[in-house]
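*Asks:* Next comes the sequence, and after it the predicted model I'd like to discuss.
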Amino acid sequence: MPLVFVIAALAVVLLVALLAVGRMGAMPQARPDVAPPNLPADREVSAADVSGVRFAVGLRGYRMDQVDIVLERLAVDVHEKDV
């Protein structure tokens, strides 16, 4: 009887391991749990837009993906104004 429990436990561990490495089908893509900062897409970013940006707070501070989006957008707009 204990042999049956050992085999069942090994089967469960094997199943979990196969699921974890993706051998039993791919997991769906993760969706962000918060909306990205809202910057206007149809015009250049203004000072009021920048001062109105609020980032979600993560485990160790602000969410870096949101900060990166805003910085990339500001870099594009500043470059267009300089040219």
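*Replies:* Nice, thanks for sending it over.
*Asks:* now residue 58, nearest residue through space, not along the chain?
*Replies:* The shortest distance from residue 58 to any non-neighbouring residue, by C-beta to C-beta, 6 or more residues apart in numbering, is to residue 64 (7.8 Å). No exception for glycine: its C-beta is placed from N, CA and C like everyone else's.
*Asks:* what's the neighbour count on that neighbour?
*Replies:* The local packing of residue 64 (other C-beta atoms under 10 Å) involves 11 other residues.
*Asks:* what bits of the chain have low per-residue confidence?
*Replies:* 27, 32, 34 (pLDDT under 70).
*Asks:* Let me see the ranges of the strands in it.
*Replies:* Along the chain, the stretches classed as strands by DSSP state E are 57-58, 61-62.
*Asks:* With distance to residue 26 added, can I get the ones you listed in a markdown table?
*Replies:* Shown next, in a markdown table, are the strands of the chain (distance: least, C-beta to C-beta, whole Å):
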| stretch | distance to residue 26 |
| --- | --- |
| strand 57-58 | 26 |
| strand 61-62 | 31 |
